[in-house]
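*Asks:* Structure for this input, please:
(one chain, ligands or ions: 2)
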Amino acid sequence: MSLPEKAFPVSWDQFHRDARALAWRLADNGQDWRAMVCITRGGLVPAAIISRELNIRMIETVCIASYHDYDSQGQMKVLKGITAEIARDGGEGVLIVDDLTDTGKTAAEVRAMLPKAHFAAVYAKPKGRPLVDTFVTEVSQDTWIYFPWDMGFTYQEPIAKGTRG
Ligand SMILES: O=P(O)(O)OC[C@H]1O[C@H](OP(=O)(O)OP(=O)(O)O)[C@H](O)[C@@H]1O
Ligand SMILES: [Mg+2]
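*Replies:* Numbers count the residues shown, from 1 in each chain. Ligands and ions are numbered 1, 2, ... in the order given. Okay, here's the model as predicted:
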């Protein structure tokens, strides 16, 4: 897998702050959401934070598995869809939540299921941005976002190399 040029590492603290900032933006929207649809697995984390902030108790998942390379995305498989009750009226009054939108393919797939729902993501890259109604931070397309649940503590080379020891 080729790696993007730039790295955007996100700590738990920062993710919590950014997800809460997304909740503030959604609250300013003034809508009373009848349900949240969380795109697994990445959307589970912001969904927990946003559902708490906005007092949304009806939470549905849409389970999608896809293979990613940095600059391409392979097959996408919907492992579990949405109930008819959540999908009624084109998803009007439903809030869709994901951690980020990159190429926008995942967002397009879920939007097709719920054309009238509101799509929120914490982070957005330029290609995916047109598919998102509300987001917090945009990063460039050649940036990889490193989420805290994918990370561990490791030694970091000094910026000026060769200075160890
Ligand atoms: O805009 P796209 O190019 O479709 O990429 C965005 C999607 O990619 C990641 O999920 P991924 O498919 O890696 O699965 P995961 O959430 O289970 O980690 C991320 O959580 C988004 O759902
Ligand atoms: Mg995902």
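*Asks:* Is any residue of whichever strand or helix holds residue 48 near ligand 1?
*Replies:* Residue 48 is part of helix 44-54 when elements are defined by DSSP states H and E. No: for helix 44-54, no contact with ligand 1 is found by C-beta under 6 Å from any ligand atom; the gap never falls below 8.2 Å. (Glycine included, C-beta is placed from N, CA and C.)
*Asks:* other SSEs contacting that helix?
*Replies:* Judged by 3 or more C-beta pairs under 8 Å, 6 or more residues apart in numbering; DSSP states H and E, helix 44-54 is in contact with helix 12-28, strand 35-40, strand 59-69, strand 94-101.
*Asks:* Now render these as JSON lines, adding distance to ligand 1 and mean neighbour count.
*Replies:* Shown next, in JSON lines, are the helices and strands packed on helix 44-54 (distance: least, C-beta to the nearest ligand atom, whole Å; neighbours: other C-beta atoms under 10 Å):
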{"stretch": "helix 12-28", "distance to ligand 1": "12", "mean neighbour count": "16"}
{"stretch": "strand 35-40", "distance to ligand 1": "5", "mean neighbour count": "22"}
{"stretch": "strand 59-69", "distance to ligand 1": "4", "mean neighbour count": "15"}
{"stretch": "strand 94-101", "distance to ligand 1": "4", "mean neighbour count": "26"}
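*Asks:* which of these has the lowest average pLDDT?
*Replies:* When the helices and strands packed on helix 44-54 are compared on mean pLDDT, strand 59-69 scores lowest, with a mean of 87.
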